[in-house]
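Chemist: Can you look at this prediction? I've put the sequence above it.
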Amino acid sequence: MAKSTKDLKSALGQLEETLEVYLIDKAPFQLPENIKEIIVKFAPWISLIMLVVTLPAILLAFGLGALVAPFAFLGGLQAGVSFGFGMIFGVVVLVLEALAIPGLFGRKRSAWNLLFYATLIGAVQNVLSFNLGGLVIGTLVSLYFLFQVKSYYK
């Protein structure tokens, strides 16, 4: 078990290094420093506001999701499994983003890592649900902004 954890950490580290090369060093354009500072300053507040605003809708979705889950399989096994995975991945991403908020205020690297992991989990969700647009556009834009402000988190 310890070896698999070490392998996962090294794989994530290698992925992070590779993404850093392409999204910072070789990126076609860099965000200006003042824009980066604005993002780092206001992102925790925007995340917190969005979490509070969407919380009732999320709770409603989970309540309705539990009610509708058995009927999702009426669309076939793939539809039911996709619905279930979507709900599970959505919860994991939401929890990681919520856990990152306090660290974002303190500009901690651990908070940046949580957002990085949440983005990667969202990418896996897009792959499993065959959402090519979300995978390419959403994940790439998220990773670009995330890596552009990485140096602000220590």
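Modeler: Cool, the structure landed. Numbers count the residues shown, from 1 in each chain.

Chemist: Which strands and helices lie in contact with the helix ranked longest in the chain?
Modeler: Identified as the longest helix of the chain according to DSSP state H is helix 33-72. In terms of contacts (3 or more Cβ pairs under 8 Å, 6 or more residues apart in numbering; DSSP states H and E), helix 33-72 is packed against helix 77-105, helix 139-148. All C-beta atoms are positioned from the backbone trio N, CA, C, and that covers glycine.

Chemist: If we use 6 Å, what do you get?
Modeler: helix 77-105 (3 or more Cβ pairs under 6 Å, 6 or more residues apart in numbering; DSSP states H and E).

Chemist: If you count neighbours, what's buried in the next helix or strand after the helix it packs on?
Modeler: Later in the chain than helix 77-105, the nearest helix or strand by DSSP states H and E is helix 109-128. Neighbour counts over helix 109-128 (16 or more other Cβ atoms under 10 Å) mark 111-123, 125-126 as buried.

Chemist: Closest to F85 out of those?
Modeler: Q125 (7.0 Å; Cβ to Cβ).

Chemist: Against S47, how distant is that closest one?
Modeler: Going from Q125 to S47 by Cβ to Cβ, to the nearest Å gives 19 Å.

Chemist: what's the closest of the buried residues of helix 109-128 to V141?
Modeler: Looking across these and measuring by Cβ to Cβ, the closest to V141 is T119, at 9.9 Å.

Chemist: quick one: contacts for the closest one?
Modeler: 142-143 (Cβ atoms under 6 Å, 6 or more residues apart in numbering).

Chemist: Quick check: it vs F145, distance?
Modeler: 10 Å.

Chemist: Good, we can wrap up now.
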